[in-house]
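Engineer: Show me how the following folds:
(one chain, ligands or ions: 1)
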Amino acid sequence: MAGITNVAFRRLCREQGGGLFVCEMVTTRALVERNPRAMRMVVFDAGERPRSLQLYGVDPAVVGAAVRLVVDSDLADHIDLNFGCPVPKVTRKGGGAALPWRRRLFERIVRAAVTAAAPAGVPVTVKMRKGIDDDHLTYLEAGRIAAGAGAAAVALHARTAAQRYSGTADWAAISALKSALDVPVLGNGDIWEADDAVRMLAETGADGVVVGRGCLGRPWLFADLAAAFSGRTERALPSLGEVAAIMRRHGHLLVQWFGDEPHGCADFRKHVAWYLKGFPVGGELRRALASVASLAELDDLLGKLDADVAYPVEVLGQPRGRTNSPGKVYLPEGWLTDRDADAVPDGAELDDSGG
Ligand SMILES: Cc1cc2nc3c(=O)[nH]c(=O)nc-3n(C[C@H](O)[C@H](O)[C@H](O)COP(=O)(O)O)c2cc1C
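Structural biologist: Predicted coordinates for the structure are as follows:
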């Protein structure tokens, strides 16, 4: 997740339980240009295995070059290609979730990545949405194309680009994709609790789940997932004191990762509301934590929380993070009329790394 899954947050999550923790999305153009910010995003902890990297690109040549760079410099053990971005400035140019509609271009991109990764034995996976909107679904065909081009697995965020993050994910689409493909299918959308993951696998037959917003302010979700997948019923319900300890560790890891307190603390602030969701904490203390500027201040403020307050069980299963409304998907002129045109869309590369 862009802006979230940096080295610090991945470490916090990895400490909780097993899984594949994917780094923030990096654009292939930024990587090929060795943009310093992009290069810094492709960094993993010493013990972090597999090193899982997500790339975004619209040009098969650039995607191939970026994957070659990754492989030649031994930067990652797994590469995921992201075709799920619904951001208007990207789809308007034919990128992100708009791209699989142009099926030949989509195939060329996946094939370029797979071909460049194959000599090093690095698996390439694909993440996508259901399609542009309900009248322009792409996932079944795109899944077959990706598998045919050598993708090792396909993950489906079971919403269309038009839905953005609204409503509920359509798990039936995950079942349909699972029935259509021989490669593993990973289901994504609305895993808020470990039991949602178990239910998704049971209902859809998917081979695994992808967790997005559910872990925001709840890295212990991965401990719950590990328990659930090994048939255990215990679930983490941390007290406010235990949450404060994780917040403190997150703050310290961010400062370590960013290399200084101002940047680390600034990045920490976005997580505060997610950690405290549902806990009875006054507005003043919440605001102070959400504008924290140093680790000493963080320690001081966290010390003011009532450590004995029990976990607010009423937030269990509730959406967190963005839940924005559906919206029109802006596309380049003529995008829908010719599915087999495979010219690289102009300006659809994100100029920076992000989601
Ligand atoms: C803040 C934020 C950043 C995201 N960044 C990315 C990204 O970089 N790459 C990606 O494939 N998906 C990204 N997503 C989408 C999630 O991976 C996931 O597909 C989506 O949130 C649906 O899953 P969920 O219901 O579990 O949240 C992002 C989502 C959020 C909320």
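Engineer: Thr323: neighbouring residues, count only.
Structural biologist: Here the number of neighbours of Thr323 (other Cβ atoms under 10 Å) works out to 12. Heads up, the C-betas are built off the backbone N, CA and C, glycines and all.
Engineer: tell me which residues of the helix ranked longest in the chain are tucked away?
Structural biologist: Looking across the chain with DSSP state H, the single longest helix is helix 240-258. Within helix 240-258, the residues that qualify as buried are 240, 243-244, 246-248, 250-255, 257-258, counting by 16 or more other Cβ atoms under 10 Å.
Engineer: who does that helix touch, helix- and strand-wise?
Structural biologist: Secondary-structure packing of helix 240-258 (3 or more Cβ pairs under 8 Å, 6 or more residues apart in numbering; DSSP states H and E): helix 7-14, helix 261-276, helix 295-302.
Engineer: now, which of the buried residues of helix 240-258 lie close to the ligand?
Structural biologist: When contact is defined as Cβ under 6 Å from any ligand atom, the buried residues of helix 240-258 do not meet the ligand at all.
Engineer: thinking again about what came up before, turn the helices and strands packed on helix 240-258 into a markdown table, including distance to Val22, mean neighbour count and mean pLDDT.
Structural biologist: Formatted as a markdown table, those follow (distance: least, Cβ to Cβ, whole Å; neighbours: other Cβ atoms under 10 Å; pLDDT from 0 to 100):
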| stretch | distance to Val22 | mean neighbour count | mean pLDDT |
| --- | --- | --- | --- |
| helix 7-14 | 8 | 21 | 98 |
| helix 261-276 | 18 | 18 | 98 |
| helix 295-302 | 27 | 17 | 98 |
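Engineer: what residues does this protein put near the ligand?
Structural biologist: 1-4, 25, 54, 82, 84, 127, 157, 188-191, 211-214, 321-322, 355.
Engineer: if you skip the residues just before and after it, what's nearest to the closest residue to the ligand within the stretch 101-250 of the chain?
Structural biologist: For the stretch 101-250 of the chain and the ligand, the shortest gap (Cβ to the nearest ligand atom) falls at Gly212, measuring 2.7 Å. Computed as Cβ to Cβ, 6 or more residues apart in numbering, the closest residue to Gly212 that is not its neighbour in sequence is Met1, at 6.2 Å.
Engineer: Show me what the lowest-mean-pLDDT helix or strand in the chain is packed against.
Structural biologist: One helix or strand of the chain scores below all others by mean pLDDT, DSSP states H and E: helix 88-91, with a mean of 90. On a contact count with 3+ Cβ pairs under 8 Å, 6+ apart, helix 88-91 meets no helix or strand.
Engineer: that older thread, buried subset of the residues of the chain next to the ligand, written for PyMOL?
Structural biologist: Selection of buried members from the residues of the chain next to the ligand for PyMOL, criterion 16+ other Cβ under 10 Å:
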select buried, resi 1+2+4+25+54+82+84+127+157+188+189+190+191+211+212+213+214+355
